[in-house]
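A.B. asks: need a 3D model of the following:
(one chain, ligands or ions: 2)
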Amino acid sequence: MSDPLSPDHVAWFRKMLEIRLFEEKVQELFMQGAIQGTTHLCQGQEAVSVGAIGAMRPGDVQTNTYRGHGEALALGMAPETAFAELMGRSSGCSGGVGGSMHLIDVSKGNIGANAIVGAGLPIAVGAAVAFQIRQQPHVALSFFGDGATNIGTFHEALNMAAVWTAPVVFIITNNLYGEYSPLRSTTPLDDLARRAGPYGFPGVIVDGQDVDAVHGATSDAVERARRGEGPTLLEMKTYRYRGHSRADPAKYRPEGELERWTSRDPIELLGARLAADGRVSPDDQAAMRAEVQAEIDAAADRAVQSPYPTLEETERYVYAG
Ligand SMILES: Cc1ncc(C[n+]2csc(CCOP(=O)(O)OP(=O)(O)O)c2C)c(N)n1
Ligand SMILES: [Mg+2]
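C.D. replies: Ligands and ions are numbered 1, 2, ... in the order given. Take a look at the predicted model:
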């Protein structure tokens, strides 16, 4: 977590590279059969995770989703621990029994990655109300997708948060698609920030490709919540470069759409800014990328050395009525 008042662009650039290269490696490990089940990757959405998490302070918490690898890494989970979880190894953050959809670390404020669409929102409201009751100056963030704004829990959570003036920030990662459906085929709006209106609190549209815009809007919302002024809904306009999950080639996307979004790639946008103001040259950026790639490869190699959980370890999580 960086100091929310002084953005550390170089650290953000490195973290966004880490997330991008982590996800590319996950895809590779899947193709090799080293990861079982499924996975939901977040390439293209890195500025949302890094910019928003950068607005958190120690003691703040967040919930995210099955597409939450970016948030977990932005909150400081070691790539090795994340890889181990994805590969079902006992040194993973959830002991290897959670897998790709459960990169969780309560000690870092990551109180839940949820596979049920919309399920993280009421958990974040609950955490926010707990802060209120305990008179703690903390804020809860909740990351979820555009599709989740059509789920009942979205509306229930926004309603209760408004009634209780809860210190919570709702963050829609609007990547234009639900599982396979374009937003407009399931939702009568283009701008989901408008969904805050009926609940009487602000909804803000944010350029989700621009880490500074994400950080600025999230910092404003977090500090508003911390002042006791209640919730905000942030709509981050972004795009997922890959399909919904590992098995989805995303053939339903119109021609040229992916290219339009990659032409405003969040890592390249920040990289261009760092080069233009002389802070990190393109050569140094390439060197940084190679360094991060080496770290990612080494982390995956170490993670695969970890044993699978024993039967006794897994039995702790099995309920029989
Ligand atoms: C309650 C519930 N309904 C349906 C599903 C199946 N499902 C998994 S992801 C998904 C799409 C959600 O889209 P969005 O909220 O936009 O998130 P994204 O996958 O784009 O990050 C659906 C329908 C689910 N996991 N939970
Ligand atoms: Mg979506």
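A.B. asks: which element is the residue of the stretch 201-321 of the chain found nearest ligand 1 on?
C.D. replies: Closest approach between the stretch 201-321 of the chain and ligand 1, counting by C-beta to the nearest ligand atom: residue 244, at 5.7 Å. C-beta here means a position set from N, CA and C on the backbone, and glycine is covered the same way. Assigned by DSSP states H and E, residue 244 belongs to no helix or strand.
A.B. asks: what's the spacing between it and ligand 2?
C.D. replies: With distances taken as C-beta to the ion, to the nearest Å, residue 244 is found 8 Å from ligand 2.
A.B. asks: residue 73 against residue 80, yeah?
C.D. replies: No - with the criterion set as C-beta atoms under 8 Å, residue 73 and residue 80 do not qualify as a contacting pair; they are 11.3 Å apart.
A.B. asks: neighbour-wise, which of these two wins?
C.D. replies: Ranked by neighbour count (other C-beta atoms under 10 Å), residue 73 and residue 80 place residue 73 first, with 25 against 22.
A.B. asks: can you report how many residues neighbour the closest residue to the more buried one other than its chain neighbours?
C.D. replies: In space, not counting the residues next to it along the chain, residue 73 is nearest to residue 19; the distance is 5.1 Å by C-beta to C-beta, 6 or more residues apart in numbering. Other residues lying near residue 19 total 27 when counted by other C-beta under 10 Å.
A.B. asks: residue 269 now?
C.D. replies: Other residues within reach of residue 269 by the criterion other C-beta under 10 Å amount to 18.
A.B. asks: list the contacts of it.
C.D. replies: By C-beta atoms under 8 Å, 6 or more residues apart in numbering, the contact set of residue 269 is 47, 209, 210, 211.
A.B. asks: three-state assignment of it?
C.D. replies: Reducing the assignment to helix, strand or coil with DSSP: H, G, I helix; E, B strand; the rest coil, the entry for residue 269 is helix.
A.B. asks: likewise residue 205?
C.D. replies: Under three-state DSSP, residue 205 comes out as strand.
A.B. asks: do the same with residue 235
C.D. replies: For residue 235, the secondary structure call by three-state DSSP comes out as strand.
A.B. asks: once you drop chain neighbours, what's closest to it?
C.D. replies: The nearest residue in space to residue 235 (C-beta to C-beta, 6+ apart) is residue 193, at 4.0 Å.
A.B. asks: distance check, the one you found against ligand 2.
C.D. replies: For residue 193, the distance to ligand 2 equals 15 Å [C-beta to the ion].
A.B. asks: same check, this time on residue 85
C.D. replies: Residue 85 sits 23 Å away from ligand 2, taking C-beta to the ion as the criterion.
A.B. asks: thought that residue was touching residue 99?
C.D. replies: Yes - under the criterion of C-beta under 8 Å, residue 85 lies in contact with residue 99, with a separation of 6.6 Å.
A.B. asks: between those two, point out the one with more neighbours.
C.D. replies: When neighbours are counted by other C-beta under 10 Å, residue 85 comes out ahead of the other of residue 85 and residue 99, with 30 against 20.
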